[in-house]
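# Provide a 3D model corresponding to the input given below.
(one chain, ligands or ions: 1)
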Amino acid sequence: EQNTQQIVLESDHNAPVPGMTAEQVEQLEDTEKFTFQAGSSSSSSSSSSSSTKIDTEISRLMSLIINSLYKTREIFLRELISNASDALDKIRFMALTDPSALSQNSKLSISIAADPESNTITITDTGVGMTREQLKQNLGTIAKSGTSEFLSKVENSKGGDDVNQIGQFGVGFYSVFLVADKVTVASKSNDDDDQYVWSSQAVDDFVIAKDPRGNTLGRGTQITLHLKEDAKEFLDEKALRDLVTKYSEFINFPIYLWSSREEEIIKEKETGEDGDEDDIVEENLEDDEEDKKEEDKEQVEKVTVFDWERINTQKPLWMRYAKEIEDEEYIEFYRAMTKEPSSTPLSWTHVKGEGDTEYRSIMYIPPKVDPNFFQNLAEKAHNVRLFVKRVFITDEFELFPKWLSFLKGIVDADDLPLNVSRETLQQHRALRTISKHLVKKALDMFQQLAKDDEEKYGQFFKEYGSALKYGAIESNTHRKKIAGLLRFSSSYDPTSPGVSLDSYISRMKGSQSSIFFLSGMSVEEIEQSPFLERLLARGYEVLYLTEPIDEMLIQNMPGYNGKLFANVAKGDLKFGDEDQEDALDQQQLDEEYESLQTWLKTTLAAEIDKVTLSKRLTTSPMAIVAADYGLTGHMERLMAAQGQNNKDNDMMMNFMKMQKKTLEINPKHPIIKSLAGRSIDEMDEDTKELVMVLYETTAIRSGYPLSDLNGFTKRVETIIRKGVGASLDEEVEVDVEEAPEKSEEEKKADEAYLKSDDSIVEEDEDSHLHDEL
Ligand SMILES: Nc1ncnc2c1ncn2[C@@H]1O[C@H](COP(=O)(O)OP(=O)(O)OP(=O)(O)O)[C@@H](O)[C@H]1O
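Numbering: from 1, shown residues only. As a prediction, this is how the structure comes out:
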């Protein structure tokens, strides 16, 4: 029985333009009917007269959405608000260079109204709107790749709520069918004289017609959702307000909700005609409510007042003081920005740049590295959104060097010109200054994370370690700082890949001048290496480098904090504590082993050019060491695996391969001692064979691929024959039965099959093409 009265807050923001009623949609004239299409090419829509079949994946997507019982159906609102906000960003950006773009309506906002009577929710924006053709394209063409990805995600989730992530796949609009069985979109673009209506019930097709109501929007888009029977809960004003609040927090345009509130009004005593609106004086009773109630109790009447209520009043998060922002708000902002509602960034930094160039920025470390990060380095990342004085400009620009392009976030700059093209902007001096500053800030953030939370830093390094190494290779300016952030496996604690170069240096032994390292495919493999024997026995720490990029890293970063890196599989190994006495001992040993060394050098001349007494070995008889400019076994395998077919690389690789290796022998090993004890005459063919096999097993252990695998197998077999007393030249008696011919029946059956149609394997040209693409 209450009076209902509409109060209009702002003259240009009137009561909601009613959404299209179901009857109005029914009565649309001159409608053209289309089926939903896959892909994004501009000519993919077709009229209903064509027999194009709807793509099965799109049918699956639609039926999944229509029949969805997901409890997160509410996300349709997030998707629509996000689309509206994008459309507003677009028109605002256009208006920077062409102010007349706003002539139809200068107010940029989103308004949402529920109407329980017609069972609809209407979302209106004053964004760019869509022409007739755009309605057909944008809402009728469903991203094929996004659809497949989304479907596999949802269908594999086994009851999970992955429909929530729909916005990541470029098919967000279709979430309207989670709650509506009929949707109409009226839209007016500056580029089309007329306002058009798109309408669909999500079964395969949609219609488009000129809006019979004329141009009611001026500019923008109005989406009317005719709610499903079981989705009426969204009409509830409080529930809707909560939802709009939830999804509008990080939207940079005002969002209004058509809301009711109770208000008390007082009728003047002398009032004669009841209900005449002119006689109703609205007053706010907050201040002197008590007195008035006392005075005139019977004169107070409650009415329900409708008006637009602004829901999001917050400043953009990045404009607020970092101190006043809760972690939860940063995380929610990340989720809204990335459209990944359930992921939590590893860390973030909120920067306010002052001085020459004023800007603000929030940068996040995403929880996981994009699996294609390294493959896609050549492509532009769309990870950073650029604003100029709160106006969204673009996310197609490069703020960071490639190795940091995994960071996601926003930059809002004050000193950039608003009205230049995106390309010119990229070159702008202020943007370069911001970029430099932010790279430093990002490195600070990593350092801080390493200091505050070792475990989280470990997680970070696991995801982004290779990117940082890439940074250390590429950036002369930041190499030192990045090097400090690197973590390696090491003999200090082989189970944890968390050794920093600083901590290595802090554990270095007296007079040790090099940082020892050894590379290999895995920690387990490296641990087996003969090169480690003496170093570890003497208590030196060795870094274990297991990533392909590590070799390149060391080549570009010869040292750290005054200590050089030393590959323990290469060249002449120095511990740093060698003195005169050692040298004398060495000389004596050299004399003792001289003739063995000469003999070995001649016998293995094809493989090595030097034989020395080892300082690396304790328990192995020998090891193969690469020359300083040669390739270690690990490196040789890596390069072979990468298939170096580039000519220049080949020359380089051949040069490096041609660097002969050094054979180091262990003078304390019984085999070597026994060999050294023999006279040259005793070195017969048998001994040569044994030494050859010893050399080959050494090559394997030193990480080199065998050049003559057949020869090696034969030599081993000979040795075994000798060992077990079998004849050296007796051959294996071969006694095998030949396979039988086909029977007559089998032949006939085959012929019959070949003649039948089943045998024709049809080539699907389209799918072929698709594969190639
Ligand atoms: N309110 C709107 N105003 C203008 N254009 C819109 C509006 N809503 C949707 N569109 C157009 O329709 C397209 C399809 O929207 P949809 O939500 O399915 O995908 P998207 O916005 O491209 O990607 P995502 O789902 O990741 O947000 C948009 O790219 C946009 O061009």
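
# residues from the protein in reach of the ligand?
Proximity of the chain to the ligand (CB under 6 Å from any ligand atom) is limited to residues 79, 82-84, 87, 125, 127-130, 138-139, 167, 170-173, 221. To be clear about C-beta, it is placed using only N, CA and C from the backbone, and glycine gets the same treatment.

# end to end, how far does stretch 738-748 reach?
23 Å (CA to CA, to the nearest Å).

# measure residue 417 to residue 385 for me?
Separation of residue 417 from residue 385 (CB to CB, to the nearest Å) stands at 18 Å.

# do the same with residue 413
Counting by CB to CB - residue 413 and residue 385 are separated by 12 Å.

# between the two, which is the more surrounded one?
Using other CB atoms under 10 Å, the more surrounded residue of residue 413 and residue 385 is residue 413, with 23 against 18.

# what's opposite the more buried one in the beta bridge?
Beta-bridge pairing of residue 413 under DSSP bridges involves residue 359, residue 388.

# pretty sure it is touching residue 351, no?
No - the criterion here is CB atoms under 8 Å, and residue 413 misses it with residue 351 at 11.6 Å.

# okay, and the common contacts of those two?
residue 359 (CB atoms under 8 Å, 6 or more residues apart in numbering).

# phi, psi of residue 608?
phi -130, psi 160 (degrees, to the nearest 10).

# how about the nearest residue to it, chain neighbours excluded?
Closest residue to residue 608 apart from its sequence neighbours, by CB to CB, 6 or more residues apart in numbering: residue 663 at 4.6 Å.

# separation between the one you found and residue 454?
According to CB to CB, residue 663 stands 43 Å off from residue 454.

# out of the two, which sits in the busier spot?
residue 663 (24 against 11).

# A strand includes the residue nearest to residue 608, no?
Yes - counting by DSSP: H, G, I helix; E, B strand; the rest coil, residue 663 falls inside a strand.

# how about it, what does it touch?
600-601, 604, 607-608, 610-612, 622-625, 695, 698.

# same question, residue 726
Residue 726 neighbours (CB under 8 Å, 6+ apart): residue 720.

# which phi and psi values does it adopt?
Given degrees, to the nearest 10, the pair of backbone angles that residue 726 has is phi -80, psi 160.

# residue contacts, residue 437?
351, 353, 357.

# now do the contacts for the last one.
What that stands for is residue 357. 413-415, 430, 433-434, 437.

# please spell out the PyMOL selection for the buried subset of those residues.
Only the buried entries of the contacts of residue 357 go into this PyMOL selection, using 16 or more other CB atoms under 10 Å:
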select buried, resi 413+415+430+433+434+437
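
# in strands only, show me the contacts of residue 357.
residue 413 (DSSP state E).

# just give me the closest of the contacts of residue 357 to residue 22.
Residue 22 lies nearest to residue 413 out of those, by CB to CB, at 47.9 Å.

# relative to the ligand, how far out is the closest one?
Distance of residue 413 to the ligand, given as CB to the nearest ligand atom, to the nearest Å: 25 Å.

# and the closest residue to residue 547 other than its chain neighbours, backbone torsions?
Spatial nearest neighbour of residue 547, chain neighbours left out: residue 466 (6.4 Å); criterion: CB to CB, 6+ apart. Backbone torsions for residue 466, taken as degrees, to the nearest 10, come to phi -60, psi -40.

# tell me the confidence at residue 466?
Listed pLDDT for residue 466 reads 93.

# surely it and residue 549 touch.
Yes - counting by CB under 8 Å, residue 549 is a contact partner of residue 466 at 5.6 Å.

# just the helices in the stretch 651-773 of the chain please.
For the stretch 651-773 of the chain, the helices defined by DSSP state H, counting those that start in this stretch cover 670-677, 685-701, 709-724, 744-755, 765-772.

# can you tell me the average pLDDT over the fourth one?
On average, the pLDDT along helix 744-755 is 87.

# could you do stretch 616-636 as well?
For stretch 616-636, mean pLDDT rounds to 85.

# report the buried residues of it.
For stretch 616-636, a neighbour-count test (16+ other CB under 10 Å) marks 616-618, 620-627, 630-636 as buried.

# now do it: distance from first to last residue.
21 Å.

# and stretch 127-143, by the same measure?
Note: stretch 127-143 ends 22 Å apart using CA to CA.

# tell me what the longest strand along the chain is packed against?
Among the segments of the chain that qualify as a strand by DSSP E, the longest is strand 255-267. With contacts taken as 3 or more CB pairs under 8 Å, 6 or more residues apart in numbering; DSSP states H and E, strand 255-267 sits against strand 110-115, helix 237-248, strand 280-281, strand 300-310.

# quick one: closest of those to residue 489.
helix 237-248 (44.8 Å).

# dump the closest one to PDB, keeping only the CA atoms.
Written as PDB, here are the backbone C-alpha positions of helix 237-248 (Å, rounded to 0.1, in the frame of the first residue of the first chain):
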ATOM      1  CA  GLU A 237      17.500  -6.500  -4.900                       C
ATOM      2  CA  LYS A 238      19.700  -7.200  -2.100                       C
ATOM      3  CA  ALA A 239      21.300 -10.300  -3.700                       C
ATOM      4  CA  LEU A 240      21.800  -8.300  -6.900                       C
ATOM      5  CA  ARG A 241      23.300  -5.400  -5.000                       C
ATOM      6  CA  ASP A 242      25.800  -7.800  -3.300                       C
ATOM      7  CA  LEU A 243      26.800  -9.300  -6.700                       C
ATOM      8  CA  VAL A 244      27.100  -6.000  -8.500                       C
ATOM      9  CA  THR A 245      29.200  -4.700  -5.600                       C
ATOM     10  CA  LYS A 246      31.400  -7.800  -5.800                       C
ATOM     11  CA  TYR A 247      32.000  -7.500  -9.500                       C
ATOM     12  CA  SER A 248      32.300  -3.700  -9.800                       C
END
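
# how about that helix: buried residues?
Applying 16+ other CB under 10 Å to helix 237-248 flags 240-241, 243-244, 247-248 as buried.
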